[in-house]
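**Q** sequence first, then the predicted structure:
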Amino acid sequence: MDKNDITGIILSGGKSSRMGTDKGFLMYEGKSFVQHSIDALKPLVSNTLIVSNNKAYDVFGLKRIEDVIENAGPLAGIYSGLKQSSTAYNLVLSCDIPLISTIILKKLIHEIDVESEVIQIKSHGKEMPLIALYNKSCETVFLKLLNEGERRLQFAVNQCKVKQVVLTGEDVLFTQNINTPEELKEIIK
Ligand SMILES: Nc1nc2c(ncn2[C@@H]2O[C@H](COP(=O)(O)OP(=O)(O)OP(=O)(O)O)[C@@H](O)[C@H]2O)c(=O)[nH]1
């Protein structure tokens, strides 16, 4: 797969209510959380979009997309990114996974086939639609669901042809999601 066929989409909206402060700007090993997502994507994509209504994210020098529907959660965030994307494949990441690495994302790309519309990581027994590859074709399905009032991301993903990439062993460590001050303390100690 050529990197010109893949766009990176990073979700940096939401309330960060459990953390109490914008998760993307938290620091881990000298870099902001969102920079970790940007750097993991960089070798694999032609360009990266940040989906957030917060202008502070302009500091990263990437194209920032505003949410088409405000406060509607990650499903609306992914839809907003897919709408602006001009490539068939789109690597979607959240901004709260500072241990993420390119090696893990390559596993998603290796699974591309003609049928799958979403290829998502499954780690610790959990499906992870925010470490996943989306075909642009999902845009239409997601818009229809959003217009019907649907907000559940995994439900929306399951309306598409979805394939899991199950991580085992040490690989599961790269997908840790940091939502609370306690979880942050755990990784920086
Ligand atoms: N663009 C966009 N991203 C979102 C939205 N809601 C959540 N996200 C992103 O989706 C990812 C997962 O978010 P969550 O942890 O489920 O939600 P959150 O609102 O950030 O945090 P909590 O309030 O603690 O649940 C993070 O990268 C968020 O930045 C949204 O409405 N728009």
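**A** The structure has been received and is ready for your questions. This structure is a prediction, so every number in the text was calculated from the model and none was measured. Residues are numbered from 1 along each chain as shown.

**Q** would you map the helices across the chain?
**A** With DSSP state H applied, the chain shows helices at 33-41, 73-84, 102-110, 138-147, 153-157, 181-188, listed in chain order.

**Q** for residue 50, find the nearest of these.
**A** Between residue 50 and the helices of the chain, the shortest separation by C-beta to C-beta is 7.3 Å, and it involves helix 33-41. Quick note: C-beta positions are derived from backbone N, CA and C, even for glycine.

**Q** of the helices of the chain, which is nearest the ligand?
**A** helix 73-84 (3.0 Å; C-beta to the nearest ligand atom).

**Q** identify each buried residue in that closest one, please.
**A** By neighbour count on 16 or more other C-beta atoms under 10 Å, the buried set for helix 73-84 is 73-82, 84.

**Q** list the buried residues of stretch 179-189.
**A** Neighbour counts using 16+ other C-beta under 10 Å place residue 184 of stretch 179-189 among the buried residues.

**Q** residues contacting the residue most central in space within the chain?
**A** When the chain is reduced to its mean C-alpha position, the nearest residue by C-alpha atoms, centre = their mean turns out to be residue 93, at 1.8 Å. Counting by C-beta atoms under 8 Å, 6 or more residues apart in numbering, residue 93 makes contact with 8-11, 37, 40-41, 100, 105, 130-131.

**Q** now do 7 Å
**A** Residues in contact with residue 93, defined by C-beta atoms under 7 Å, 6 or more residues apart in numbering, are 10, 37, 41, 100, 130-131.

**Q** nearest residue to residue 86 in space, please, no chain neighbours.
**A** The shortest distance from residue 86 to any residue that is not its chain neighbour, by C-beta to C-beta, 6 or more residues apart in numbering, is 7.3 Å, and that residue is residue 7.

**Q** redo the buried residues of helix 73-84 as a markdown table? Include distance to residue 159.
**A** Converted to a markdown table, the buried residues of helix 73-84 look like this (distance: C-beta to C-beta, whole Å):
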| residue | distance to residue 159 |
| --- | --- |
| 73 | 16 |
| 74 | 15 |
| 75 | 11 |
| 76 | 15 |
| 77 | 17 |
| 78 | 13 |
| 79 | 13 |
| 80 | 18 |
| 81 | 18 |
| 82 | 14 |
| 84 | 21 |
